[in-house]
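Colleague: With the sequence up front, the predicted model follows.
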There are 4 protein chains.
Amino acid sequence: MVKEPGQPANAPEVLYYWDYLHLDYLLNAQKPRSAEGESPKHEEFLFIVVHQTFELWFRQIIFELDSVLAIMGQSTVHERELRTVLARLQRIIEIQRLFVVQLDVLETMTPLDFFDFRSALVPASGFQSVQFRLIENKFGLRSSDRMRVEGHCYNATLRPDHVSLVTQSEKEPSLFDHVECWLARMPFLQINGFDFLEVYRGAAQDAHAAERVALRTNPNLDDRSRDKQLRALEGAIRKFDILFEPQQWQESIDEGARRLSYDAFVSALFITLYRDEPILQRPFEILTALIAIDESLTNWRQRHALLAHRMLGRHTGTAGSGYGYLEETARRHKVFGDLFDIPTFFLPRATRPTLPDEVLSKLDFRLEH
Amino acid sequence: MVKEPGQPANAPEVLYYWDYLHLDYLLNAQKPRSAEGESPKHEEFLFIVVHQTFELWFRQIIFELDSVLAIMGQSTVHERELRTVLARLQRIIEIQRLFVVQLDVLETMTPLDFFDFRSALVPASGFQSVQFRLIENKFGLRSSDRMRVEGHCYNATLRPDHVSLVTQSEKEPSLFDHVECWLARMPFLQINGFDFLEVYRGAAQDAHAAERVALRTNPNLDDRSRDKQLRALEGAIRKFDILFEPQQWQESIDEGARRLSYDAFVSALFITLYRDEPILQRPFEILTALIAIDESLTNWRQRHALLAHRMLGRHTGTAGSGYGYLEETARRHKVFGDLFDIPTFFLPRATRPTLPDEVLSKLDFRLEH
Amino acid sequence: MVKEPGQPANAPEVLYYWDYLHLDYLLNAQKPRSAEGESPKHEEFLFIVVHQTFELWFRQIIFELDSVLAIMGQSTVHERELRTVLARLQRIIEIQRLFVVQLDVLETMTPLDFFDFRSALVPASGFQSVQFRLIENKFGLRSSDRMRVEGHCYNATLRPDHVSLVTQSEKEPSLFDHVECWLARMPFLQINGFDFLEVYRGAAQDAHAAERVALRTNPNLDDRSRDKQLRALEGAIRKFDILFEPQQWQESIDEGARRLSYDAFVSALFITLYRDEPILQRPFEILTALIAIDESLTNWRQRHALLAHRMLGRHTGTAGSGYGYLEETARRHKVFGDLFDIPTFFLPRATRPTLPDEVLSKLDFRLEH
Amino acid sequence: MVKEPGQPANAPEVLYYWDYLHLDYLLNAQKPRSAEGESPKHEEFLFIVVHQTFELWFRQIIFELDSVLAIMGQSTVHERELRTVLARLQRIIEIQRLFVVQLDVLETMTPLDFFDFRSALVPASGFQSVQFRLIENKFGLRSSDRMRVEGHCYNATLRPDHVSLVTQSEKEPSLFDHVECWLARMPFLQINGFDFLEVYRGAAQDAHAAERVALRTNPNLDDRSRDKQLRALEGAIRKFDILFEPQQWQESIDEGARRLSYDAFVSALFITLYRDEPILQRPFEILTALIAIDESLTNWRQRHALLAHRMLGRHTGTAGSGYGYLEETARRHKVFGDLFDIPTFFLPRATRPTLPDEVLSKLDFRLEH
């Protein structure tokens, strides 16, 4: 007899592992559809268990994300809490490592085996994973950036009572939003009269001037090659200089080429460049973790697309779209793409400005004296 | 409102992914104990989810093991089914790969965090995992080979209604039993007058004689070293020769040093030596898979013991025993140890007997002619 | 003093592990470029070691591929050898698992660290990995299918003496070529008067007719939806029917939409459908392994593209092209895409033809009688 | 023609990837012994490549360990450097993840295949890995704690010119030594009159007194059980109280039951308990990383022992000892076992002392104000 979670029948005086984990529910929740017909298909069981474990891990990720959102949504985040944020992001990364191995397990099922029970599931589809949509939204995927599926919105096929849940999550501030605010309010770009952007612009001009000279005086180049390379260099410099043009930056956001606000991006660059300074170490680790989560999510989408191709051939999936769709989401659904772009604005070490002592001492603390 | 698995309220005409996976149950089954007290502990959620995913995977392994038992328990197993057996054993191996990564995820929880909610769980313990006991028993661990915990039987702390379930599984034939029978009835040791054991004994005598000569005539050895090495060699030969002494073999089984019956072991050796012959390929792959499962199970026990040490220090676990116990089970709970021992009876290739043509043709089949 | 591989100075009477592995060479081959300048960069060492281990594994893969090519290039391949082929392909899959973890190790290097020594390497680039090109060519990537890099051929930047090595490998038969021949000569499509394609065409017609009826008589559809879905169905059927049109199939090869020859593809479909029959089991496993290698190679390219984005931002790589190029190769460089497409031609189980007894007995062999 | 590392013949003006990685050496260093005899064994190539990649990774670990030793060996370690130390330890952990997968690759070789070339390698043995010995010594394994092999010292079988290298590393301060000093000089146990040990002893007395009362007043216990449990409790308390007895602690070090000095251990406990405080976060992460490295090393030894059993049966390895020896080293060669034991000294949260404000402010720093 199955008991209701939370209210064990005859609440035992002794707590058993079985009851603590509510295994009565968990281990009775595998109900293969093919078992209702004349010939149960052995492999459907695996299909169910793989998806259930994915959903349990999604649940855990949402639990961690929610706690991270609560911390990062504060107007001030204390160092003590930054450690917690980082630990939870790193846990998400560790969970994502599981995902690829779980697909390896799923691939022990052959396409023919899958074909023999998939019609029993139509139109149910992993595409309808409410929790995965919540993760995407809480992480920061905007609905305006989402691809449409066969002309429909991504949540068109959800169970009606779940649509509002997902829609609600679109409206709440995401991790992207909170991180953006947190970066934008960093107090380090103007310290005691030190203006990072001004200094960095000077350094960039020196670096680019040196590159121009190197090209012009290179005796191994003929005139045509030199002209070509000089034009390429000027193009690269123009792209670099957007770093000093808040107006242009905003335009590229408006065009959809960038997303992170100007102030937030400059802070992220500063943190990345001076990440060895004690006070910047933890913020740097958080940026790195966000990139890793995004990268892992993308790679999982790619792997999922390959699996769909292998399992379905050129058939469409149960939700009416094939692996091409999945491949495309992998390419377009990055959330923190701007953080991936930070290296675009690195300068050679020789020209990279060092921080003045009074700034350094502001970024320092000591365990040993 | 939580619905009962298998009977969705208002059975929908359209099947939703959510209902197919019974997520109402699954995602409501995380009930941290610490949440009932004054201060919920964030980390208990992870503790629950990790154990729940383990139990789901145990469920899948049992599902596969049961199907393998049904096939291998037949009086004759057809080739078509051997492929199925192998595929399912290999799936179990793939699932076991997940286990180590899942422990990596669990280790993102620190010992101090664990300490803060573990007293709320006493005496519940992973030691009470009914499904893990079933897996051990179905795989072939004998209760007589099990270590006792604090003087108690391994199932003494299970919920009373689960004890019989586990006890029942002890009485049913295990995978070890079925594999042993299947090996013992192999028809290949005596084929058209070819007697494998007789031929192999001759080969062994030749090989050992050559080793004796090599030692006796080695000019680099002084008398003392020669004597010592000769004595060692005679000891090794005596151990080897148990292969030709069914009586002695049985005695070593009676003493607990071996478990697999003489006939079964000789078949396993034959299959291993001539595994390239088409008809022996699949049986060889099955033996290899059994070794891999056993190895992976052992390594997981070892990893689990390390985790326990790290999490609890020299405290005992909630079940009243510490990492030392877990370490000891890793060493003693191998089921197919005899298959690990097969290489003990290999001979150098030069002296290894080749099979006569009439035997080879019996072991052959052809896709291309 | 470094000794020459293969001719250890003062050939020792006793073999040491160190000499056996030629560690004098191996462990002296890490020469960071940045160490020659004023400030060595710690991280360059890792960069070198990661790439060296990749190259050692590429070496192993080439070793395995060459042996597989030798076997599959024979006019007849015996069952004994098919096991060897499968084992070696599966080893390649296992090695590929390492690749992703190796990238995880490489990603412990931050982009800024990389930036500080990468200019010292220009124009050397992983793009110049001769061995990776050989693997691609031996596996079956055609140079005509390769993307151009900045208008140049993929081998334009190799060291001159390596170009011919790579070009030579383009001309030799690849694994794709050998597998295609092997499949095409399968003797099972016409057995004792049983014509697989004729029977399968009949089954397909029945299945498609049933689908038409189901749509036409579905009372839940209005006329407009019915018409739309019927048109879609007819489109799908036309695509399916290419299976019975060798001429059309050839045209789609000529157009670049397919690659595997008609006969080879039909054999692969037959093997996939009847893979439980003893004689077809091993060929099925080989097809599955080829798909897995291709999938893993593709996913590794995708992961590599993400790494490049993260490390370089929108900079181009040292070879003059960025992550966009790598992403594109992942999409276009599949070799066995036709095997991924097999499920396109599956029929529902109810209409799938069973094989007549005389065919079954031809595909059978028995271990037990 | 093979070129000498570091001095490429005809030093190229253009740097090629091939030359940068010294692939001429690397890819010519695979010299199977069996290839010199009449019948080369295919599998020996894999055996060589697996061991070579292991040695390359050992090289990388030594490179990281040396840099960590240089930093931790300073009389003061600045926060900026602690981040570097942590990053390099975490890289070692990531590399260790590779090791298990590399053994999976090696296990694609069957025992019979191994048997056919292993005699050609005698007495060379992985046991002779100089680099692995260096890693053990640099990490902190004491030669006095090592097991003897067949009565011989662990370095008895090394190539003579390597013995001194290994012996030298025994004499240099290890990571264990440096960490011990660093912990022992932590300035936080006596801060502004706050005496951690005194406060903690009071808390422990309260906690233990509460446990005594709980046992004595538990109405569910009969006299005999109560007495038994009380005796057990007193035993546990006595073990706990060693924390307040430097003299006893030293004795348990002298007896070999512990290794870390009293002062260092108390600091490690303090860091673990108050790891949320900003200044303690990084030290806590370093302790955690050391535990993880030790755990992973142990698990790798265990996995290696299983592999040896599977490959050799009850034969001894080429170095003259079997899997039992390897299993035993896994159990006994932990270096930071004392850090695993820290949880032994945790107190329930309710009785755990909170730090006074003036201490907290000493442990704090702020990014945001």
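Modeller: Arrived safely, thanks for sending.
Colleague: residues in contact with A:Arg349?
Modeller: A:Arg349 sits next to C:Phe115, C:Asp116 when contact means C-beta atoms under 8 Å, 6 or more residues apart in numbering or on different chains. Glycine gets a C-beta too; all of them are placed from N, C-alpha and C.
Colleague: how big is the angle separating the longest helix belonging to chain A from helix C:278-312?
Modeller: Longest helix of chain A, by residue count under DSSP state H: helix A:278-312. Per axes from the mean of the first three to the mean of the last three C-alpha atoms, to 10 degrees, the angle that helix A:278-312 makes with helix C:278-312 is 150 degrees.
Colleague: Can helix A:278-312 be said to contact chain C?
Modeller: Yes - residues of helix A:278-312 are located near chain C by C-beta under 8 Å from any C-beta of the partner chain, namely A:288, A:291-292, A:295, A:298-299, A:302-303, A:306-307, A:309-312.
Colleague: mind listing the strands in chain A by residue range?
Modeller: Using DSSP state E, the strands of chain A run over residues A:190-191, A:194-195.
Colleague: Mind putting the ones you listed into TSV with mean pLDDT, distance to chain B and mean neighbour count?
Modeller: Formatted as TSV, the strands of chain A follow (pLDDT from 0 to 100; distance: least, C-beta to the nearest C-beta, whole Å; neighbours: other C-beta atoms under 10 Å in any protein chain shown):
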stretch	mean pLDDT	distance to chain B	mean neighbour count
strand A:190-191	80	35	14
strand A:194-195	90	38	14
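Colleague: What sits closest to the residue nearest to the spatial centre of chain A if chain neighbours are left out?
Modeller: Against the mean C-alpha coordinate of chain A, by C-alpha atoms, centre = their mean, the closest residue is A:Asp294 at 2.5 Å. Spatial nearest neighbour of A:Asp294, excluding adjacent residues (C-beta to C-beta, 6 or more residues apart in numbering or on different chains): A:Phe336 at 4.7 Å.
Colleague: The one you found reaches A:Ser296, doesn't it?
Modeller: No - at 11.8 Å, A:Phe336 does not count as touching A:Ser296 under the criterion of C-beta atoms under 8 Å.
Colleague: what sits against the closest residue to A:Leu347 other than its chain neighbours?
Modeller: Nearest non-adjacent residue to A:Leu347, counting by C-beta to C-beta, 6+ apart: A:Ala207, 5.0 Å away. Under the criterion of C-beta under 8 Å, 6+ apart, the neighbours of A:Ala207 are A:Leu347, A:Pro348, A:Thr351.
Colleague: And for A:Leu287?
Modeller: Applying C-beta under 8 Å, 6+ apart, the residues near A:Leu287 are A:Ala268, A:Ile271, A:Thr272, A:Leu339.
Colleague: From the residues you listed, which land in helices?
Modeller: Mapping those onto helices (DSSP H) picks out A:Ala268, A:Ile271, A:Thr272, A:Leu339.
Colleague: which of those tops the neighbour count?
Modeller: Taking other C-beta atoms under 10 Å in any protein chain shown as the neighbour criterion, A:Ala268 ranks highest of the ones in helices among the contacts of A:Leu287 with 26 neighbours.
Colleague: contacting residues around A:Ala204?
Modeller: Listed by C-beta under 8 Å, 6+ apart, the contact set of A:Ala204 reads A:Phe240, A:Asp241, A:Leu243, A:Phe244, A:Leu347, A:Thr351.
Colleague: What of A:Phe54?
Modeller: Per C-beta under 8 Å, 6+ apart, neighbours of A:Phe54: A:Phe99, A:Gln102, A:Ser129.
Colleague: how much space between the residue nearest to A:Val199 when sequence neighbours are not counted and A:Leu141?
Modeller: Using C-beta to C-beta, 6+ apart and skipping residues adjacent in sequence, the residue nearest A:Val199 is A:Pro353, 4.8 Å away. Using C-beta to C-beta, to the nearest Å, we find A:Pro353 at a distance of 36 Å from A:Leu141.
Colleague: These two - which one has more neighbours?
Modeller: A:Leu141 (22 against 18).
Colleague: quick one: the more buried one and A:His333 touch, right?
Modeller: Yes - counting by C-beta under 8 Å, A:His333 is a contact partner of A:Leu141 at 5.7 Å.
Colleague: coming back round to it: if I look at the residue nearest to the centre of chain A, how far off is A:Ala35?
Modeller: Taken as C-beta to C-beta, the span from A:Asp294 to A:Ala35 is 40 Å.
Colleague: before we move on, what about A:Glu255?
Modeller: Using C-beta to C-beta, we find A:Glu255 at a distance of 53 Å from A:Ala35.
Colleague: what's the distance between A:Lys239 and A:Asp341?
Modeller: Plainly put, A:Lys239 is 11 Å away from A:Asp341 if you go by C-beta to C-beta.
Colleague: Which neighbours do these two have in common?
Modeller: C:Arg314.
Colleague: Looking at these two, which is more packed in?
Modeller: Using other C-beta under 10 Å, the more surrounded residue of A:Lys239 and A:Asp341 is A:Asp341, with 20 against 12.
Colleague: quick one: contacts for that one?
Modeller: By C-beta under 8 Å, 6+ apart, the contact list for A:Asp341 reads A:Arg258, C:Gly313, C:Arg314.
Colleague: tally of neighbours for the first one?
Modeller: As a burial measure, the neighbour count of A:Arg258 was computed by other C-beta under 10 Å and equals 18.
Colleague: coming back round to it: give me the pLDDT for the residue nearest to A:Asp294.
Modeller: Predicted confidence (pLDDT) for A:Phe336: 96.
Colleague: same thing with A:Arg332?
Modeller: If you check A:Arg332, the pLDDT there is 81.
Colleague: Look up how far chain C lies from it.
Modeller: Applying C-beta to the nearest C-beta, to the nearest Å, the value for A:Arg332 to chain C is 12 Å.
Colleague: What separation do you get for the residue lying closest to that residue once chain neighbours are set aside and chain D?
Modeller: In this structure, A:Arg332 finds its nearest non-sequential neighbour in A:Met147, 6.3 Å apart by C-beta to C-beta, 6+ apart. Separation of A:Met147 from chain D (C-beta to the nearest C-beta) stands at 34 Å.
Colleague: Where does the stretch 51-200 of chain A get nearest to chain D, which residue?
Modeller: Closest to chain D within the stretch 51-200 of chain A is A:Glu79: 4.1 Å, counting by C-beta to the nearest C-beta.
Colleague: So what's the residue count around that residue?
Modeller: With other C-beta under 10 Å as criterion, A:Glu79 counts 19.
Colleague: For the residue nearest to it when sequence neighbours are not counted, list the residues it contacts.
Modeller: Distances taken as C-beta to C-beta, 6+ apart put D:Pro278 closest to A:Glu79, at 4.1 Å, once the chain neighbours are dropped. Contact partners of D:Pro278, counting by C-beta under 8 Å, 6+ apart, are A:Glu79, A:Arg80, A:Arg83, A:Phe365, D:Leu363, D:Asp364, D:Phe365.
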